[in-house]
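A.B. asks: Test case, fold it:
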Amino acid sequence: MSRRKQLVIPVFIPFGGCANRCVFCDQESITGGKNPPEVRDAVETIEAYLSTWRGAGRKEIAFYGGSFTALDRGVQIKYLEAARGYVLDGRIDGVRISTRPDCISREIVEYLKEYKVDTVELGVQSMSDTVLRLSGRGHGSRDTVFATTLLESSGFKVGHQFMPGLPGDTVSLSLDTAMEIIRLAPAFVRIYPALVFKGTALHRMYLAGDYSPWTLEETVEVCGKILGLFIEARIPVIRMGLHASGGLEDNLVCGPYHPSFRSLVEERMLNGTSKTRSVRPVARG
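C.D. replies: Reported below is the predicted structural model:
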């Protein structure tokens, strides 16, 4: 029996709530936007998706792009009130947000439940405190453990976003991160290998010779091992690699980017080899 197609309506909030920018962060290139949308703009986006949807699967509003629970509380509530209305009238089944592990508390969990949020994606990135520090994350692995445990015990579906290849990372540390994530048992994982974008702190580190991105070949190899661990643990990996877009490719300097990254990883897993020729120069200044 085939799974019914689901609708996820993305509302992007670039840098929303972020008190600082991590070394790798270039939300503008990734999301294609500069300023947070007005609530009316978010509503227009939701209505546009719903007007063309003909599927019978789950329908969800997803606030992506920033640390939602670090936004000004009043701003959060405006977005959430708009989204809750769609849940209450039956047009939407649930609400998803993405945020930082250190921006989850018992108080936050309570009002997220009140406003019908049922899925929370945490920007874990790594479970190595050294990697997190070198990457300017501003939180530690203990925050991820606390946030995940609290959310899961409160009935939320929790996702983890994992970024192999950050400053200070190694194959061993990335595999350790995968195992730590498995112990926390999130409902799903996204894997985004670290890339260098123009104008980021990571770009400056690269130009200064303080950071060398992993090659596409070695990243495919590592991510194949990581994917195998998640498959064995029966934790779905719902995304591997960033979605191809003009903004992303225009601002990419270097790193293990490929528009079909997951296909390369799965081919490596199946055949033991894969053609991992990059679709762009290895590096640009």
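A.B. asks: Only C-alpha atoms from now on, for both contacts and neighbour counts.
C.D. replies: Fine.
A.B. asks: hey, what's residue 10 bridged with?
C.D. replies: With DSSP bridges as the criterion, residue 10 is bridged to residue 62.
A.B. asks: does residue 253 sit in a helix or strand, and which one?
C.D. replies: Assigned by DSSP states H and E, residue 253 falls within strand 252-254.
A.B. asks: Ok, residue 123 next?
C.D. replies: strand 117-125.
A.B. asks: just to revisit the earlier point, does anything pack onto the strand holding residue 253? Which helices or strands?
C.D. replies: For strand 252-254, the packing partners by 3 or more C-alpha pairs under 8 Å, 6 or more residues apart in numbering; DSSP states H and E come out as strand 196-197.
A.B. asks: Off-centre distance for the strand it packs on?
C.D. replies: Averaging C-alpha positions (C-alpha atoms, centre = their mean, to the nearest Å) puts strand 196-197 16 Å from its chain's average.
A.B. asks: Number of residues surrounding the residue lying closest to residue 165 once chain neighbours are set aside?
C.D. replies: Spatial nearest neighbour of residue 165, chain neighbours left out: residue 194 (5.3 Å); criterion: C-alpha to C-alpha, 6 or more residues apart in numbering. Per other C-alpha atoms under 10 Å, the neighbour tally for residue 194 reads 25.
A.B. asks: did I read that right, residue 194 in a helix?
C.D. replies: No - applying DSSP: H, G, I helix; E, B strand; the rest coil, one finds residue 194 to be coil, outside a helix.
A.B. asks: Do you know the pLDDT at it?
C.D. replies: On the pLDDT scale, residue 194 is placed at 94.
A.B. asks: Could you tell me how far it is located from residue 240?
C.D. replies: Distance, residue 194 to residue 240, by C-alpha to C-alpha, to the nearest Å: 11 Å.
A.B. asks: again, but for residue 226
C.D. replies: Distance, residue 226 to residue 240, by C-alpha to C-alpha: 11 Å.
A.B. asks: likewise residue 116?
C.D. replies: Between residue 116 and residue 240 the distance is 28 Å, computed by C-alpha to C-alpha.
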